[in-house]
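# My questions concern the predicted model and sequence given below.
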Amino acid sequence: MPKASAGWKAYAVSLATLAAPGLSHWLLGRRARAFAFFGIVAATFALGLLLHGALFPFQAPNWLYRLGAVAQVGLGLPYLLGRLLGWGQLGPEDAADLMFGYGNTFLVTAGLMNMLLVMDAFDIAVGRKD
Amino acid sequence: MIPDHFLTLVLFSVLVALFFATLNHRDRRAFWKSFGKTTAWMVLGSLAFAFLMLWTAP
């Protein structure tokens, strides 16, 4: 089981989750948990998009949307890919969509979950957690 | 897709409960206990809050 020291390796391993949810746990030898985290975060992200949620840009006109962008950027690569490929585009008719709020909740939650995974992986990497 | 408020609430609660149970519990029994408690609190708490909003609506 590879174990990183408290130096730059711990930071590098924990930030790997920003490339794919659960990747840090995989690199730290927690394979089962890595699969579970990937499935949970990916399902939350996919459901958010299917429910017509938006991947908020940082230059959104509403401060609440900008706050949402801060949470969603925690997804890392999926957020950037989604923004580049035009998934979850914010449109003028979105507020009237019945599922828009739910979709956003799923997407923001997926981002926050991924941030927690980064912190959890860091704790494991420095030996604070099993 | 899924134009059902309750189903969306249940799906969201299950995903969040699964996440925190996986994050915080290694023991299988503790995992399921945490999962059940979190799901129940989220679903029933939301229904109670929704009822309260309905009840206090002008």
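Structure's in. What do you need? Numbering: from 1, shown residues only, chains lettered A, B, ... in the order given.
# what's the helix or strand for the spatially closest residue to B:Leu9 that is not a sequence neighbour?
With sequence-adjacent residues excluded and distances taken as C-beta to C-beta, 6 or more residues apart in numbering or on different chains, B:Leu9 is closest to B:Ser46, at 5.7 Å. Glycine gets a C-beta too; all of them are placed from N, C-alpha and C. In this structure, B:Ser46 sits in helix B:28-55 according to DSSP states H and E.
# helices or strands up against that helix?
When contacts are defined as 3 or more C-beta pairs under 8 Å, 6 or more residues apart in numbering or on different chains; DSSP states H and E, helix B:28-55 packs onto helix B:5-24.
# same question for the helix it packs on, mean pLDDT?
Across helix B:5-24, pLDDT averages out at 96.
# Restricting the selection to alpha carbons, write it to PDB.
Below are the C-alpha coordinates for helix B:5-24, written out as PDB (Å, rounded to 0.1, in the frame of the first residue of the first chain):
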ATOM      1  CA  HIS B   5     -40.200  16.200  -6.600                       C
ATOM      2  CA  PHE B   6     -40.400  13.300  -4.100                       C
ATOM      3  CA  LEU B   7     -38.400  10.900  -6.300                       C
ATOM      4  CA  THR B   8     -35.700  13.600  -6.800                       C
ATOM      5  CA  LEU B   9     -35.600  14.200  -3.000                       C
ATOM      6  CA  VAL B  10     -35.200  10.400  -2.400                       C
ATOM      7  CA  LEU B  11     -32.500  10.100  -5.000                       C
ATOM      8  CA  PHE B  12     -30.600  13.100  -3.600                       C
ATOM      9  CA  SER B  13     -30.900  11.800   0.000                       C
ATOM     10  CA  VAL B  14     -29.700   8.300  -1.000                       C
ATOM     11  CA  LEU B  15     -26.600   9.700  -2.800                       C
ATOM     12  CA  VAL B  16     -25.600  12.000   0.000                       C
ATOM     13  CA  ALA B  17     -26.200   9.300   2.700                       C
ATOM     14  CA  LEU B  18     -24.100   6.800   0.700                       C
ATOM     15  CA  PHE B  19     -21.300   9.300   0.300                       C
ATOM     16  CA  PHE B  20     -21.100  10.100   4.000                       C
ATOM     17  CA  ALA B  21     -21.500   6.500   5.100                       C
ATOM     18  CA  THR B  22     -18.600   5.500   2.800                       C
ATOM     19  CA  LEU B  23     -16.500   8.500   3.900                       C
ATOM     20  CA  ASN B  24     -16.900   7.900   7.700                       C
END
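# chain center to that helix: distance?
Here helix B:5-24 is found 6 Å from its chain centre; the criterion is C-alpha atoms, centre = their mean, to the nearest Å.
# Spit out the contact partners of A:Arg31.
A:His25 (C-beta atoms under 8 Å, 6 or more residues apart in numbering or on different chains).
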